[in-house]
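# give the three-dimensional model of this entry:
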Amino acid sequence: MVDKTRIYPENAPVPAGAYSPAVKCGQFVFVSGQTPEKPGTDELVEGDIKVQTKQVMENIKNILAAAHCTMDDVVKVGAHLADINDFDGYNEVYKQYFNIPAPARTTVESGIPGGSLVEIDVIAMLDKL
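Numbering: from 1, shown residues only. A predicted model of the protein is given here:
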């Protein structure tokens with residue numbers, strides 16, 4: 001059996017299904033796809049792609065902090081946009097959260113349940129075990 005630890009800080013959105021907000025395994029932290037819910041709830045933040053992207057990134061920062069990571073530890077990002085035409089607004093906010101070298105990233109248009117405009121998952125690497 002793989003040695004893994006569930007990461008679920010109080011200030012993370014409430015999971016909408018049978019998953020962990022994040023899992024620490026070895027030197028990696030895998031953060032599940034985050035949508036723009038207010039911390040500690042499953043209530044979607046109202047707003048355009050910039051507002052929703054900022055909330056998602058803040059949720060990810062909070063989850064990473066609980067795992068003793070920062071955005072600088074992120075090595076891979078997977079992003080889903082409900083409308084690829086929102087890419088510029090999403091990217092404007094997204095790039096404020098990462099220093100160079102930025103993590104590897106995939107961004108695609110997807111059907112996102114619940115009315116979210118954006119969903120983002122990340123993989124971070126811990127400095128120490």
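
# tell me which residues in the longest helix along the chain are buried?
As assigned by DSSP state H, the longest helix anywhere in the chain is helix 49-66. Buried residues in helix 49-66, counted by 16 or more other C-beta atoms under 10 Å: 49-64, 66. Where you see a C-beta, it was placed from the backbone N, CA and C, and this is true even at glycine.

# for residue 81, give the beta-bridge partners.
Judged by DSSP bridges, the bridge partners of residue 81 are residue 109, residue 118.

# tell me the spacing between it and residue 100.
Using C-beta to C-beta, to the nearest Å, we find residue 81 at a distance of 23 Å from residue 100.

# could I have stretch 61-74 exported to CSV, CA atoms only?
In CSV, the C-alpha atoms belonging to stretch 61-74 read as follows (Å, rounded to 0.1, in the frame of the first residue of the first chain):
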residue,chain,number,x,y,z
LYS,A,61,-2.3,28.5,-1.8
ASN,A,62,-4.2,27.6,1.4
ILE,A,63,-4.1,23.9,0.6
LEU,A,64,-0.4,24.0,-0.2
ALA,A,65,0.4,25.9,3.0
ALA,A,66,-1.2,23.1,5.0
ALA,A,67,1.2,20.7,3.3
HIS,A,68,4.1,23.0,4.1
CYS,A,69,4.5,24.1,0.4
THR,A,70,4.2,27.4,-1.5
MET,A,71,3.4,28.2,-5.1
ASP,A,72,7.1,28.2,-5.7
ASP,A,73,7.1,24.4,-5.1
VAL,A,74,4.5,23.8,-7.9
